[in-house]
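In: below are the sequence and a predicted model; questions follow.
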Amino acid sequence: MAGSLGGGTPDGWLLARSLRLPESVRALDAEGWTALLAIARAEQMIGTLAWRLDGIAMPSGVAPILADARASAEQGRIVALWEAEAARRALAPLGVRVVLLKGTAFVAADLQAGQGRSIGDLDILVPHDTLDAVEAALIGAGWEWVKPDTYDDAYYRQWMHELPPLIHRERDRMIDVHHTILPLTTRITPDAAALLADAIEVVPGLWTLSLADMIVHAAAHLFADGDLAGGMRNLWDVQCLVDQFGTDGVAARAAHHGLSRDVARALRLATALYGEGAKLELADHAYLRRITARDGWGRATRPFTRHAFYIRSHWLRMPPTMLARHLWTKWRKGGAGPASG
C-alpha cells in the first residue's frame, strides 16, 4: 500500500526510507503519514525527520507537526549546550578534560548527526582517577544523586562505566559521568586513556571524541551495552558521521579498542538502513528485524525478537554467576537495576 512505500505493514523501514530518500514521502497517503510520524516519535527521531523533510511538499496537516518538531529540536540543542557549559564551569577549577558524548557532542561540534537530534541526558567522559573530584564538584554546583538505593549505588561504582546518575536540583537535568564506554563487567575493555588523549577541543574547555572514536562509541553503545533500543537513531548517527567524514582510520581504531566486530556490523546495518549497497551477514537480518520493530502506531512489535535481544544484552554485560546474583537481588528488591538499561 502507499502508506508503506511498497506494500505490507509499515514498520521502521518506512522511517529509514523517508530519511534516506526524503522525496519518497510524496507517495504517502494519510495512513502512511500517520505511521511515519508515529514511528519517528517512538524512535525519538521526529526532529531528525523534520530536518530531513524541510522543503518537501507535504499535507497541510503534517507541516505544522514537523515545524513544531524542528522548533523543539532547536530548543533541545540550546538546552544541551547550556548544560554542557554548566558542567564545564563546575569542573573548570579541576583542570579536567571534559569530553562530551553522544548528542551533545554532535551539536557542540556542529555535526550533521546533530541536526534535529533528540538529546536527553548530558553524557561526559573524564579520567577514572578524577571521578571523586568530579563528583564532588558537580554536587557542589547543584547536582544530586538520582538513585538513593545502596545496592544500585554500589553496583554503579564497582561495575559500571559511569557514576550513578546525577540530576540538577533546579534545572531537573541529568548528567552521566563516564570513565569509559562499556561496563566493567563486559568481555571487552576499550582503551579509555586513548579516547581521552585523542579527543578534539570543539569550544574552549569542552572536547568531543575523535571522529573514529565517535563511530566506535556508537557501535559499543548499541551492541555491547544494550538490547538495541534506540537502534534506528544510533545507526543514523553512524551513517551521518560516515557520510560527512568517511571511514578512514575507523577499522584500526575499532581494532585498538577490541570492537572490530561491533563496528563492522554497525557500518553494515547503517548502510542497509540509510545508505546503499550493504552486504549483510546472515545474523544482520535478525538485528534489522529487531531495530525496525514498530507498527503503524509506533508501538513495539516482534516480542520474541525483542526478548531475545534483551536476554542477549544481559548476557553480554555480566558473567552468568554474577548475572544470576544481580537479577536475584533486583527481583527481591522489586526493581530492574542498572543491568536492564
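Out: Looks like it came in fine. Numbering: from 1, shown residues only.

In: can you check the pLDDT for residue 9?
Out: Per-residue confidence at residue 9 stands at 81 (pLDDT).

In: that one belongs to a helix?
Out: No: when DSSP: H, G, I helix; E, B strand; the rest coil is applied, residue 9 is found to be coil, with no helix at that position.

In: my read: it touches residue 295, true?
Out: Yes: using C-beta atoms under 8 Å as the test, residue 9 is close enough to residue 295 to be in contact (6.7 Å). From N, CA and C alone the C-beta is placed, and that goes for glycine too.

In: neighbour-wise, which of those two wins?
Out: residue 295 (17 against 12; other C-beta atoms under 10 Å).

In: state the distance from the more buried one to residue 286.
Out: In this structure, residue 295 lies at 19 Å from residue 286, with C-beta to C-beta, to the nearest Å as the measure.

In: any regions of the stretch 151-300 of the chain where pLDDT drops low?
Out: Along the stretch 151-300 of the chain, segments meeting pLDDT under 70 span 225-226.

In: just the strands in it please.
Out: Assigned strands in the stretch 151-300 of the chain, in chain order: 166-168, 174-178, 200-203, 206-208 (criterion: DSSP state E, counting those that start in this stretch).

In: looking at those strands, which is buried most?
Out: When the strands of the stretch 151-300 of the chain are scored by mean count of other C-beta atoms under 10 Å, the highest mean neighbour count falls to strand 206-208 (a mean of 22).

In: dump stretch 17-28 to PDB, restricted to CA.
Out: Output for stretch 17-28, consisting of C-alpha atoms alone and laid out as PDB, is shown next (Å, rounded to 0.1, in the frame of the first residue of the first chain):
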ATOM      1  CA  ARG A  17      13.400   5.200   3.700                       C
ATOM      2  CA  SER A  18      12.000   8.600   4.400                       C
ATOM      3  CA  LEU A  19      15.300   9.700   6.000                       C
ATOM      4  CA  ARG A  20      17.300   8.200   3.200                       C
ATOM      5  CA  LEU A  21      15.100   9.400   0.300                       C
ATOM      6  CA  PRO A  22      13.100  12.400   1.500                       C
ATOM      7  CA  GLU A  23      11.300  12.800  -1.800                       C
ATOM      8  CA  SER A  24       9.800   9.300  -1.300                       C
ATOM      9  CA  VAL A  25       7.300  10.700   1.200                       C
ATOM     10  CA  ARG A  26       5.400  12.200  -1.700                       C
ATOM     11  CA  ALA A  27       3.900   8.700  -2.300                       C
ATOM     12  CA  LEU A  28       2.400   8.500   1.200                       C
END
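
In: please point out which parts of it sit buried.
Out: Using 16 or more other C-beta atoms under 10 Å as the burial criterion, the residues of stretch 17-28 that qualify are 17, 18, 19, 22, 25, 28.

In: and of those, the nearest to residue 303?
Out: residue 17 (24.4 Å; C-beta to C-beta).

In: which other helices and strands contact the host helix or strand of the closest one?
Out: When secondary structure is defined using DSSP states H and E, the element that contains residue 17 is helix 12-20. Helices and strands in packing contact with helix 12-20 are listed as helix 30-42, helix 46-52, helix 231-245, helix 260-274; criterion 3 or more C-beta pairs under 8 Å, 6 or more residues apart in numbering; DSSP states H and E.

In: ok, residues contacting the second one?
Out: Residues lying outside helix 46-52 but in contact with it, judged by C-beta atoms under 8 Å, 6 or more residues apart in numbering, are 15, 18-19, 22, 36-37, 40, 66-67, 69-70, 72-73, 76, 115-118, 233, 236.

In: give me that answer again for 6 Å
Out: Judged by C-beta atoms under 6 Å, 6 or more residues apart in numbering, the contacts made with helix 46-52 from elsewhere in the structure are 19, 22, 40, 66, 69, 70, 73, 115, 116, 118.

In: just those: which are in helices?
Out: For the contacts of helix 46-52, the ones inside helices are 19, 40, 66, 69, 70, 73, with DSSP state H as the criterion.

In: contacting residues for the third one?
Out: With contacts taken as C-beta under 6 Å, 6+ apart, residue 66 has the following neighbours: residue 50.

In: run a quick neighbour tally on residue 33.
Out: When neighbours are defined as other C-beta under 10 Å, residue 33 has 19 of them.

In: which of the helices or strands spans residue 97?
Out: Per DSSP H and E: nothing holds residue 97, as it lies in no helix or strand.
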